[in-house]
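S.K.: have a look at this fold, sequence not included:
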């Protein structure tokens, strides 16, 4: 009888007993709330300026909080909202900015980079005069 109980326990472990494989009740870390908000002057008309701003980012360079890349009427910034320097590659900034341009019809918005698990790190494209 004892052998049967040991065998049953072994089989339960080997097959992944639900009691032993319980997933965590802790949810995922909140990520940046992507949005397509910006100045009331935002429009598809600044898309070319934003593309030029993106073109000033060096893909292999490392950038930190409050780095700005602006061109014409497009203001672009990498910001961490108080999370410190949070170094990020230029390629991540480029990819994030291009996502904003493709997702936001008026060329303005803020999207998270989520680099190094930073839930407040983001790139913003907006109108500037």
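M.R.: Alright, I've got the coordinates. Small disclaimer: the values here were computed from a predicted structure and weren't measured. Numbers count the residues shown, from 1 in each chain.
S.K.: contacting residues around residue 38?
M.R.: With contact taken as C-beta atoms under 8 Å, 6 or more residues apart in numbering, residue 38 is in contact with 104, 106-109, 124-127. Where you see a C-beta, it was placed from the backbone N, CA and C, and this is true even at glycine.
S.K.: can you tell me the closest non-neighbouring residue to residue 39?
M.R.: Of all residues not flanking residue 39 in the chain, residue 127 sits nearest, at 4.0 Å (C-beta to C-beta, 6 or more residues apart in numbering).
S.K.: right, I mislabeled it, should have said residue 34
M.R.: In space, and not counting its chain neighbours, residue 34 is closest to residue 111: 4.6 Å by C-beta to C-beta, 6+ apart.
S.K.: then residue 129?
M.R.: Counting by C-beta to C-beta, 6+ apart, residue 73 is the residue found nearest to residue 129 once chain neighbours are left out, at 6.9 Å.
S.K.: related to what we said a few turns ago, I'd say the residue nearest to residue 39 and residue 44 touch.
M.R.: No. With contact defined as C-beta atoms under 8 Å, residue 127 does not count as touching residue 44 (11.7 Å).
S.K.: between these two, which one's more packed in?
M.R.: Neighbours were counted for residue 127 and for residue 44 using other C-beta atoms under 10 Å; residue 127 has more, 20 against 11.
S.K.: quick one, what contacts the more buried one?
M.R.: Shown in contact with residue 127 (C-beta under 8 Å, 6+ apart): 38-39, 41-43, 46, 73-75, 108.
S.K.: got it, and residue 41?
M.R.: So residue 41 contacts 73, 127, 129 (C-beta under 8 Å, 6+ apart).
S.K.: how many neighbours does the first one have?
M.R.: The one in question is residue 73. That count, for residue 73 with other C-beta under 10 Å as the rule, works out to 20.
S.K.: distance-wise, check it relative to residue 108.
M.R.: Distance, residue 73 to residue 108, by C-beta to C-beta, to the nearest Å: 11 Å.
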